[in-house]
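sequence? don't have it. structure:
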């Protein structure tokens, strides 16, 4: 494949972020886009053209984009609950797929997506970009020499800006789907193991008082198949005065050592008259005019897999298993009981 021609589905924050990252990759062209808002799709097409690339075609909907013979692959950046059906349609159309996390919000939809991807022999990857953060990748290597993991903790909390202003569909998801999906993929990769059982609890209040029917916070207790235990914390009611939109921390205690990863400060501190902040730069940054960081690196990896047919570092099965953990966690919240997690075998665990 000399050039990968890409259609972007969704023209919001993540659609624009993907387009920016793709603009830095050679032999790739965004040839089409679609969005629920034709105006937003037009703005995205204009931005792509302003970067010196041909203006992509704007399609009325996903079906029209999938029928475009100038599209080899799709990038799905729609709200969480829309991913599943779109993946099946894209795979059946023979398009490679990059999908924002989480893969889907139900195991049934995830299983249908996995089946469609494997049936049509297309490359598909969920954009769990944390595996390309240098500190996390280094931790993965270090943990290989520290013996069996014993206990892990992962916190990913957002400011209240995210569910009240950034997302128009916060009531269709939860902080665990939106935030802990990253951490479940990451910690499972670090531990080289899969979750077998969960017990989860949630707290409602602040967001409901604002008319958004979604939990303020969720805590998931997870048991891994080889005996390690982990806690996944997510909340999105931090005050907007917090110096970062996201507060992330991960630790793993193994039999022969401990690894701790604190991403609150990413090397830069800025003080202005109106506030104090820690600018984020590990996931997304523009360096000397070129998009860089873990987000761009993950996308570049997927592009290489599309061009070569290689298995992505993040297999579609492993992302399905993240969905299985989260579905079990939400069942546990509803029933107030521990729930076993049914896992698919990962064809290429790494």
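Alright, I've got the coordinates. Only a predicted model underlies this, so the values are computations on that prediction, with no experimental measurement involved. Residues are numbered from 1 along each chain as shown.

Am I right that residue 116 is in contact with residue 84?
No. If you go by C-beta atoms under 8 Å, residue 116 and residue 84 don't touch, sitting 9.8 Å apart. Where you see a C-beta, it was placed from the backbone N, CA and C, and this is true even at glycine.

Tell me where the stretch 101-250 of the chain has strands.
124-126, 149-159, 195-203, 217-224, 229-238, 246-254 (DSSP state E, counting those that start in this stretch).

okay, and for the stretch 1-150 of the chain, where does confidence drop off?
1 (pLDDT under 70).

all helices for it, in order.
13-22, 38-50, 62-66, 83-92, 107-120, 134-143 (DSSP state H, counting those that start in this stretch).

so which of those helices gets nearest residue 204?
helix 107-120 (24.0 Å; C-beta to C-beta).

And for this structure, the residue most distant from the center?
residue 273 (33.9 Å; C-alpha atoms, centre = their mean).

show me the contacts for that one.
With C-beta atoms under 8 Å, 6 or more residues apart in numbering as the criterion, no residue contacts residue 273.

And the pLDDT for it?
pLDDT for residue 273: 92.

Repeat that for residue 212.
pLDDT, residue 212: 98.

Surely it and residue 165 touch.
No. Using C-beta under 8 Å, residue 212 is not in contact with residue 165, being 10.8 Å away.

neighbour count winner among the two?
Comparing residue 212 with residue 165 by other C-beta atoms under 10 Å, the one with more neighbours is residue 212, at 16 against 11.

Run through the residues that contact that one.
Here residue 212 is in contact with 163, 164, 170, 171 (C-beta under 8 Å, 6+ apart).

which of these are the two that sit furthest away from each other?
164 and 171 (10.9 Å).

Between these two, which has more neighbouring residues?
Remark: of residue 164 and residue 171, residue 164 carries more neighbours, 17 against 14, as counted by other C-beta under 10 Å.

how close does that one sit to residue 215?
Distance, residue 164 to residue 215, by C-beta to C-beta, to the nearest Å: 14 Å.

Not counting sequence-adjacent ones, nearest residue to residue 294?
Spatially, and ignoring its direct neighbours in sequence, residue 294 is nearest to residue 132 (3.8 Å; C-beta to C-beta, 6 or more residues apart in numbering).

Repeat that for residue 130.
Closest to residue 130 by C-beta to C-beta, 6+ apart is residue 186, at 4.7 Å.

Could you do residue 218 as well?
That would be residue 176: by C-beta to C-beta, 6+ apart, it lies 4.2 Å from residue 218.

What number of residues are in the vicinity of that neighbour?
Counted with other C-beta under 10 Å, residue 176 comes out at 28.

That one reaches residue 327, doesn't it?
No. Assessed by C-beta under 8 Å, residue 176 is found out of contact with residue 327, at 10.3 Å.

In the protein, which residue is most central in space?
Most central in the chain (C-alpha atoms, centre = their mean) works out to residue 101, at 3.0 Å.

got a list of what that one touches?
126, 127, 128, 181, 182, 185, 319, 322.

Tell me where the stretch 201-350 of the chain has helices.
Counting by DSSP H, counting those that start in this stretch, the helices of the stretch 201-350 of the chain are 206-209, 294-308, 316-335.
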